[in-house]
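J.: sequence below, structure please.
(one chain, ligands or ions: 1)
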Amino acid sequence: MPQDIRVKICGLTAAADVSAAVEAGAAYVGFVFFEGSPRHVTPERARALALGVPAGVAKVALTVDADDTALDVLTETVPLDMLQLHGHETPARVAEIKARYGLPVMKAIGIAEPADLTPIDAYSQVADQLLIDAKPPKGASRPGGNALAFDWGLIAGRDWSLPWLLAGGLTPGNVAEAIARTGARQLDVSSGVERAPGVKDAALIRAFIVNARGLSTD
Ligand SMILES: O=C(O)c1ccccc1N[C@@H]1O[C@H](COP(=O)(O)O)[C@@H](O)[C@H]1O
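T.: So this is what the prediction gives:
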């Protein structure tokens, strides 16, 4: 089983959880700047957390339809390696953000049916990475982090021209199957490594990464 699998642990709010993610081997750690999320952190809080992340682990800021004023504050306050755009940002807006901040950009795309795959081509022209996530259910209070998986069969055998992460409802219990069914080499998880909304669990973080990589705990 693949040990080169890269995992992003998203929605970190506490230093102990950042340490747990780093020690378990996360390649990315994510901070959520969306006020409707139980994982929301302020730029100042994220800065304190980010300063504890060693080189080699990418610090990702998750934003939702953020304007330049908010992104200016964020990028000036927090030492970041990547921006994750998880709203309705158009391809033009993705290109604008990438040019303005000089940071790699990951664009989240919500999937529920085959037609939802169509925008991927346009975003592939401007983003550095794609995040293939479940589309939020109608009436959801946030566009992600809903512990909802989509039909992995919709992307089985797909190969895009840029690196991508699989997200949505992943857990230590289903991550190996998700990899086998989709061919994903990168995974993003938030709810599935929590004991309550917004409260990460170090044992679940470790189990997720061990299971994703097919490592033995013996
Ligand atoms: O985590 C959140 O609260 C969140 C809020 C707004 C947009 C995205 C959010 N989370 C991202 O959604 C996916 C899937 O999360 P889950 O594993 O199903 O909980 C992931 O990229 C999270 O980072």
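J.: state the distance from Thr69 to Asp81.
T.: 22 Å (C-beta to C-beta, to the nearest Å). All C-beta spots, glycine's among them, are computed from the backbone N, C-alpha and C.
J.: quick one, which of these two is more surrounded?
T.: Neighbours per residue (other C-beta atoms under 10 Å) separate Thr69 from Asp81, with Asp81 holding more: 16 against 8.
J.: which residues does the most centrally placed residue in the chain contact?
T.: Nearest to the mean C-alpha position of the chain, counting by C-alpha atoms, centre = their mean, stands Asp188 at 4.5 Å. Each residue near Asp188 by C-beta atoms under 8 Å, 6 or more residues apart in numbering is listed here: 7-8, 10, 28, 30, 131, 133, 165-167, 170.
J.: give me that answer again for 6 Å
T.: Asp188 makes contact with 8, 10, 165, 167, according to C-beta atoms under 6 Å, 6 or more residues apart in numbering.
J.: among the residues you listed, name the ones in strands.
T.: Among the contacts of Asp188, the members falling in strands (DSSP state E) are 8, 165.
J.: kindly indicate the member of the contacts of Asp188 with the most neighbours.
T.: Ala167 leads the contacts of Asp188 on contacts (other C-beta under 10 Å) with 30 neighbours.
J.: does it touch Ala134 like I think?
T.: No - using C-beta atoms under 6 Å, Ala167 makes no contact with Ala134, being 7.5 Å away.
J.: Ile132 sits in which helix or strand?
T.: According to DSSP states H and E, Ile132 maps onto strand 129-134.
J.: who touches that strand?
T.: Outside strand 129-134, the residues touching it (C-beta under 6 Å, 6+ apart) are 106-110, 144, 148-150, 163-168.
J.: give me that answer again for 8 Å
T.: In contact with strand 129-134 (C-beta under 8 Å, 6+ apart) are residues 82, 84, 86, 104-112, 120, 123-124, 144, 146, 148-150, 155, 160, 162-169, 184, 186, 188.
J.: contacts with the ligand among these, please.
T.: 86, 144, 146, 148, 167-169, 188 (C-beta under 6 Å from any ligand atom).
J.: show me which pair in these is furthest apart.
T.: Pairwise distances across those peak at 15.3 Å for His86 and Gly169 (criterion: C-beta to C-beta).
J.: so for those two, which sits in the more crowded spot?
T.: His86 (30 against 17).
J.: list the contacts for that one?
T.: His86 neighbours (C-beta under 8 Å, 6+ apart): 34, 62-64, 108, 131, 133, 143-144.
J.: enumerate the residues of the chain near the ligand.
T.: Looking at the ligand, the residues of the chain close enough under C-beta under 6 Å from any ligand atom are 10-11, 30, 32, 34, 37, 39, 62, 64, 86, 131, 133, 142-148, 167-170, 188-192.
J.: inside strands: which ones of these?
T.: Per DSSP E, the residues of the chain next to the ligand map to strands at 30, 32, 62, 131, 133, 188-189.
J.: for PyMOL, what selects the buried ones among the residues you listed?
T.: Of those, the buried ones can be selected in PyMOL as follows, counting by 16 or more other C-beta atoms under 10 Å:
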select buried, resi 30+32+62+131+133+188+189
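J.: any idea which of the ones in strands among the residues of the chain next to the ligand is closest to Pro91?
T.: Leu131 (14.8 Å).
J.: which residues does the closest one bridge with?
T.: Leu131 has these beta-bridge partners by DSSP bridges: Ala108, Leu165.
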